[in-house]
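Colleague: Any chance you can model this:
(chains A and B)
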Amino acid sequence: MNRRHRIRSIYAQAQVLGTLFLLPAVVFIAATVVIPLAWNFLLSATKWNGFSPMQSVGFGNYVKFFQDSPPQKAFLHSIELSLISSAIALVFGMFLALLVYRVGRRTSSALRLIYFAPSMMPMIVIGLLFTFILTPDVGLVNQLFGLLGLKSMQLAWLGEPRLVIWSLGIVSGWRGSGSVMMLFYTSIIAIPSQMFEAARIEGAGYLRQIRHVILPLIMPTIGLVSMLVMIGSFKTYDIVYTMTKGGPGSYSKTVPLQMLENAFKYNEFGYAAAIGVLFTLLVSVIIFVMNRFAKGEVHEY
Amino acid sequence: MSTRRKVGPALLVAFLGVIAVVYLYPVVFTILTSLKATSEFHVNLWGLPKAWMLDNYVNAFTTGRLGDYFGNSVFIAAVSLVLTTVLGTFAGYALSRMHLRWTAVIVGILFVLQILPAESMIIPLYLMASKSGLTQIPYAPLVTVYIGWMLSGTILILRNFFQSISTEILESARIDGSSEIDTMFRIIFPLSGGAVATCTVFNFGFVWGELMWARIATLTTQRGIPLSVGLINFQGQYMTDWGQLTAAICMVLLPMILLYVFLQKYFVRGLTSGALKG
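Modeller: This next block holds a predicted model:
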C-alpha cells in the first residue's frame, strides 16, 4: 500500500514537472502558429488595409475570389507546378533507387550521397544556380545545345509563358528526386533477402523482381513518400521568387506570391488571408486524399 | 527484358556515374565560376579558372555586405537552434515519460501543426510582429518565428526517440529516489546525442535557407538581414556580375557542404525519421 502511494505521488510530481517542461514550447508554438492561424481565419472575413478600422465582410473575400481571375490562375499554377515536380521527383527518385540498389550497398554509397545532396541544399541556392544555368545567352543548357548544333533548342526557358512552369517543375522535381531516392532505397534494403531468393530460384531477372517483389512490398512507402512529396511541392515561394518572380507576366505566379502581392502591394490583408485559407484547404484536401491512398494495402513481412 | 540482363554491373555503375556528374555539376560550376574573373567567365565558361582568385569574394564582402548577411544568419541560426533544441528536448521528454494527461491529443495537434503550410499563418504573423514593434528589433522576429515553426517537428522526433528508451530504467530510477531532473541529465540526455544531432542538422537546413518570412519580416529594416534575403538583394544588384553572385551562393553553401560531408548520416536519419514521424 505504502509503495503504491509513493508511486502515485511520484507520478503526480512528474506531471507537475512535465507541465512545466512543456509550457515554454507551447507558448512559442501558440504565438507563432496557433494564434496566427486562428487570426488568419478571422482576418479572412474582413476588409482591412492594415491601418483604417477593420470592416467585416463575412464571406465577401471568398465570393470575390471566385470572381477574380489572377488569384485563381495562381492556384492553377501552384497545382501545375506541384504535379510536374512531384511526378518528376517520384519517378526519377524511384528509378535511381532501383538502379542504386542493383549496384549494391558498398559501391553505391558515394553515388547516393551525391544524388541526395541537392535535396539538402536550400531551394534559393538551387533557384539561383538554375537561373544561371537556364539564362538564354550564356546559360549552360543553351551553350550545351549550341555545342550539339541544336540551335532550335536554345530557348528562353524561363521567359516563355508555355515553358516556364515546366522549367520550374523540372528543377524542383530534380532537387526532390534525391530524398525520394533515399527513402525508397532505405525501404528496399529493409526487404528481407528471402523474399528475393524465391524469385531468384525461379530465374526471375531484376525487372521481374522489381515488379513482383520490390514494388508490391514497398507500396506503403510509395504512398507515404508520394504524400510527403506532394505536400512539399506546394512550397513554391522560394523557387519561383528566385527564378522568375512570377514572370513572364504572371505566367508562373503561384499562390504564395499572389497572396503576398495582395497583402503588401495592394494592402488587401483580409483578401490575402482568405487566399491563405483557401490554399490551406487545398493542401489539406490533398493530404486527406493521399492519406487514403497511402493506407491502401499493407503487406506484412 | 533480356537486354537489361546483359547490361553488366560496370556499365550500370558508369551510367550512374554520369548521372552523378549531372547532379554535382551545378555546384562545381558555381564554385569554379566564383573563382574566375568576370572577364574570363565570358571567354572561358566551361574550363577551370586560368588564374584562381578570390577577388569576387573580397568584392562581395566589401561592397556587397556579404559579411554582414553571413554574420546575421549565423547568429539567427545559432540562437534559434539552441533554443529549439532545449525547449524541444524538455517538451518531447514531458510528452513521452511524464504521464501527462492529454498526451495523445497534444501529439496529434503537433502533428497537424507541423504539416500546415506557412501561407496559412504568415500574414497575421506579419501584422502581429509589426504592430507589436517586434520587426524593429533586429533578429527578434526571425528567431521567434523559426523557433515556433521548428518546435512541433522537433518535439515529435525527440519524443519518438525518448519513447524508444526502456521504461524500466526510468521507473527504477524513479523508485530509487533519483529526482526527475537527475534522471534526465544522467540517463536520458547522454543517450540522445544522435537524435538531437539529427533534428539540429535538419533544422539548420531550414533556418539557413528560409526566405519567405525572412523577406517579409525585414521589409522595413536594414538591420539583421539574413543571408537568404541578402542573396536575393545580390541577385537584384549584380544580375550580370556572375562572379560576385556565385561567390555569394558559395558562402551560403559552404556550411551546408561542411555539415553534409561530416554529418551525412544525420541527414539521412533526419529524412527517414521525419518521414516516419506519424
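
Colleague: centroid residue for the chain?
Modeller: Using chain A. A:Gly232 (1.2 Å; CA atoms, centre = their mean).

Colleague: Actually, chain B is the one I wanted.
Modeller: B:Gly205 (1.4 Å).

Colleague: distance of that residue from chain A?
Modeller: 6 Å (CB to the nearest CB, to the nearest Å). Bear in mind the C-beta positions are built from the backbone N, C-alpha and C, glycine included.

Colleague: Can you give me every residue that contacts that residue?
Modeller: A:120, A:122, B:256 (CB atoms under 8 Å, 6 or more residues apart in numbering or on different chains).

Colleague: what do you get if the cut-off is 7 Å, keeping everything else the same?
Modeller: A:120, B:256 (CB atoms under 7 Å, 6 or more residues apart in numbering or on different chains).

Colleague: Pass me the low-pLDDT residue ranges in the stretch 51-200 of chain B, would you?
Modeller: For the stretch 51-200 of chain B, no stretch is flagged by pLDDT under 70.

Colleague: secondary structure element for the residue nearest to the centre of chain A?
Modeller: For A:Gly232, the enclosing helix or strand under DSSP states H and E is helix A:219-233.

Colleague: Domain map for chain A?
Modeller: A:2-43, A:61-294 (automatic domain parsing).

Colleague: which of those sits most buried?
Modeller: Of the domains of chain A, the one with the most neighbours on average (mean count of other CB atoms under 10 Å in any protein chain shown) is domain A:61-294, at a mean of 19.

Colleague: Could you give the average pLDDT over it?
Modeller: Averaged across domain A:61-294, pLDDT comes to 91.

Colleague: Show me how far that domain is from its chain's centre.
Modeller: Offset of domain A:61-294 from its chain centre (CA atoms, centre = their mean, to the nearest Å): 7 Å.

Colleague: What is the end-to-end distance of that domain?
Modeller: 34 Å (CA to CA, to the nearest Å).

Colleague: host element of the closest residue to B:Gln163 other than its chain neighbours?
Modeller: Spatial nearest neighbour of B:Gln163, excluding adjacent residues (CB to CB, 6 or more residues apart in numbering or on different chains): B:Ser96 at 5.0 Å. Taking DSSP H and E as the definition, B:Ser96 sits inside helix B:66-97.

Colleague: what are the ranges of the strands in chain A?
Modeller: For chain A, applying DSSP state E gives strands covering A:46-47, A:55-56.

Colleague: per-residue confidence averaged over the first one?
Modeller: The average pLDDT within strand A:46-47 is 92.

Colleague: List the neighbouring strands of it plus their orientation.
Modeller: strand A:55-56 (antiparallel) (DSSP bridges).

Colleague: chain center to the strand it pairs with, what's the gap?
Modeller: 35 Å.

Colleague: Could you tell me which residues of the stretch 201-301 of chain A lie near chain B?
Modeller: A:205-207, A:224-225, A:228, A:231, A:234-235, A:237-238, A:241-242, A:255-256, A:259, A:263, A:269, A:272-273, A:276, A:279-280, A:283, A:287 (CB under 7 Å from any CB of the partner chain).

Colleague: What about the residues you listed, which are in helices?
Modeller: Among these, the subset assigned to helices under DSSP state H consists of A:206-207, A:224-225, A:228, A:231, A:237-238, A:241-242, A:255-256, A:259, A:269, A:272-273, A:276, A:279-280, A:283, A:287.

Colleague: Next up, the contacts around residue 90.
Modeller: Went with chain A since none was named. With CB under 7 Å, 6+ apart, A:Leu90 has these contacts: A:180, A:226, A:229.

Colleague: was after chain B, sorry
Modeller: A:Phe21.

Colleague: Wait, A:Met181 touches A:Ala97, no?
Modeller: Yes. The pair A:Met181 / A:Ala97 is scored as a contact, 4.7 Å apart, by CB atoms under 7 Å.

Colleague: What count of nearby residues applies to B:Leu54?
Modeller: Residues lying near B:Leu54 (other CB atoms under 10 Å in any protein chain shown) number 12.

Colleague: what are the phi and psi values for it?
Modeller: phi -110, psi 10 (degrees, to the nearest 10).

Colleague: re the thing from before, what sits against the residue nearest to B:Gln163?
Modeller: B:159, B:162-163.

Colleague: Now render these as TSV, adding neighbour count.
Modeller: Listed next are the contacts of B:Ser96 as TSV, based on neighbours: other CB atoms under 10 Å in any protein chain shown:
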residue	neighbour count
B:Arg159	25
B:Phe162	21
B:Gln163	12
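
Colleague: can you put those in CSV and add secondary structure and distance to A:Ile165?
Modeller: Compiled in CSV, the contacts of B:Ser96 are given as follows (DSSP: H, G, I helix; E, B strand; the rest coil; distance: CB to CB, whole Å):
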residue, secondary structure, distance to A:Ile165
B:Arg159, helix, 39
B:Phe162, helix, 44
B:Gln163, helix, 43
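
Colleague: So which bits of the stretch 151-278 of chain B are right by chain A?
Modeller: B:151-152, B:155, B:174, B:180, B:205, B:208-209, B:211-212, B:228, B:231-232, B:235, B:242, B:249, B:252-253, B:256, B:260, B:264, B:267-268, B:271-272, B:275.

Colleague: Okay then, goodbye and thanks.
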